[in-house]
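**Student:** Can you look at this prediction? I've put the sequence above it.
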Amino acid sequence: MKRKFPTKNLHSTLLVLALLVAINGVLIMPFNANASVPSNPNWQGPYRCATTDPGGEHNLHAVIQNSVIDPNLPIGSVLTTIEMQGGSWDFYCNPDSDYPTYAIAGKWDLGIAEWKTPWIGDATVCQIPGLSGIGIRYYNGGTARQCTASAVNPSIITIANASFLSGSVNFSPFAELVRIGTIPVGSITFPSSTNLYVRGYGTWQYSASANIWDLIFTNTALEAQSCSMLAFNQTIDFGVLVSSNDVISKAFDIWLTSCSAAELTAFKPNAKLSFASTRISPDGSKLNNCDDSDCAIGAYISFEDHEGDSINLNSGYLLNAQSNTSEDKLSFNANLHTDSTSGGKIETSITLVLEYL
């Protein structure tokens, strides 16, 4: 027998706009030596060690992980990470005949020659001349390095002495790009390279240079997208219903703002809506009702886009998944299911999060 039961509003509490960014000393792992690197077997000091980098034996390549960054993140937030190309860097070093008589003989450091002026908000974030609003934080085996005026600091790689003739460095992340101020919206070209400072020890002293090694970045064409989700705190009222096999649907829209049509075109393929609630079912297919004593047990909400495609609340929803006459609008349906429901109120909530891929 069908019976009427009172319902309360389906609350969509404050929908939060957030960016989820959306990854130990240095590990030197021995492996077989490469006879051709360094190219001169007599090199010592700053030339003692070299790599097999395809760009040359004194180059290191690092990859910026995400080219789309959010200029509206809070100051101090990580915009994206930078990783060693291929996940590791391989080093080969000439022997030093003074080792082990002199324990420090053959010690070798790579540090940052440029970009080492600390940001006032965090001494582990170094300013990048000519780049507005973006700083860089370097790591050494999982430890954030301090930005200082010292020539070899922040040190990013250290080979202890001539006991190491070959090895692999493989910590993550290698670096992070951090928001330190206003980032202009649009295309940003990150510097393609920066000089590294290298220091090599002999018996009692060291020699050094900032003109031997280069750190080369790839994926340097950044895009600062200003699109955001319009302030959204929407209540969906299903009214007073009768328990039935019929599904009651209510439409709602989400609007993107603060960006032009061209920016939207570039932004949507690189972002998605994620969903957060303690009442999402394990398989992500539905949002369960409340479980207080006066709640309608068994009622739940499912979601679909305006084209009728079901939305999995665990997987999220790609912004370019639906076509729309209005580029800055996304349309959805909230579907109330009451086919096996006892009398009681309907009250539940879900948070929407705008997330970069």
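**Tutor:** Sure thing, it's come through.
**Student:** Not counting the strand ranked longest in the chain itself, show me its contacts.
**Tutor:** Longest strand in the chain, counting residues (DSSP state E): strand 206-218. Outside strand 206-218, the residues within contact range by C-beta atoms under 8 Å, 6 or more residues apart in numbering are 45-47, 55, 58-64, 82, 85, 107, 110, 113, 151-152, 190-200. Glycine gets a C-beta too; all of them are placed from N, C-alpha and C.
**Student:** Also stretch 74-81?
**Tutor:** Counting by C-beta under 8 Å, 6+ apart, 19, 21, 23, 64-67, 69-70, 73, 121-122, 125, 134, 172-181 sit against stretch 74-81.
**Student:** Just the pLDDT for Ala210.
**Tutor:** pLDDT recorded at Ala210 is 89.
**Student:** Can you select the buried ones from the contacts of strand 206-218 in ChimeraX?
**Tutor:** Filtering those down to the buried ones (16 or more other C-beta atoms under 10 Å) takes a single ChimeraX command:
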select :45,46,47,58,59,60,61,62,63,64,82,85,107,110,113,152,190,191,193,194,195,196,197,198,199,200
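**Student:** Which of the contacts of strand 206-218 fall within strands?
**Tutor:** With DSSP E as the criterion, strands contain 59-64, 82, 110, 193-200 from among the contacts of strand 206-218.
**Student:** any idea which of those residues is closest to Ser302?
**Tutor:** Distance to Ser302, by C-beta to C-beta, is smallest for Ile64 among the ones in strands among the contacts of strand 206-218, at 38.8 Å.
**Student:** circling back to that earlier point, and the next element down the chain from the longest strand of the chain?
**Tutor:** Downstream of strand 206-218, the first helix or strand assigned by DSSP states H and E is strand 221-224.
**Student:** So, low pLDDT: which residues of the stretch 1-150 of the chain?
**Tutor:** Low-confidence segments of the stretch 1-150 of the chain (pLDDT under 70): 1-35, 149-150.
**Student:** Let me see the ranges of the strands in it.
**Tutor:** 4-5, 10-11, 49-51, 59-64, 68-69, 78-84, 89-93, 108-112, 118-119, 122-127, 134-140, 143-144 (DSSP state E, counting those that start in this stretch).
**Student:** follow-up on the earlier one: next, the buried residues of the longest strand of the chain.
**Tutor:** 206, 208-210, 212-217.
**Student:** Average pLDDT for stretch 272-281, rounded please.
**Tutor:** Stretch 272-281 shows a mean pLDDT of 92.
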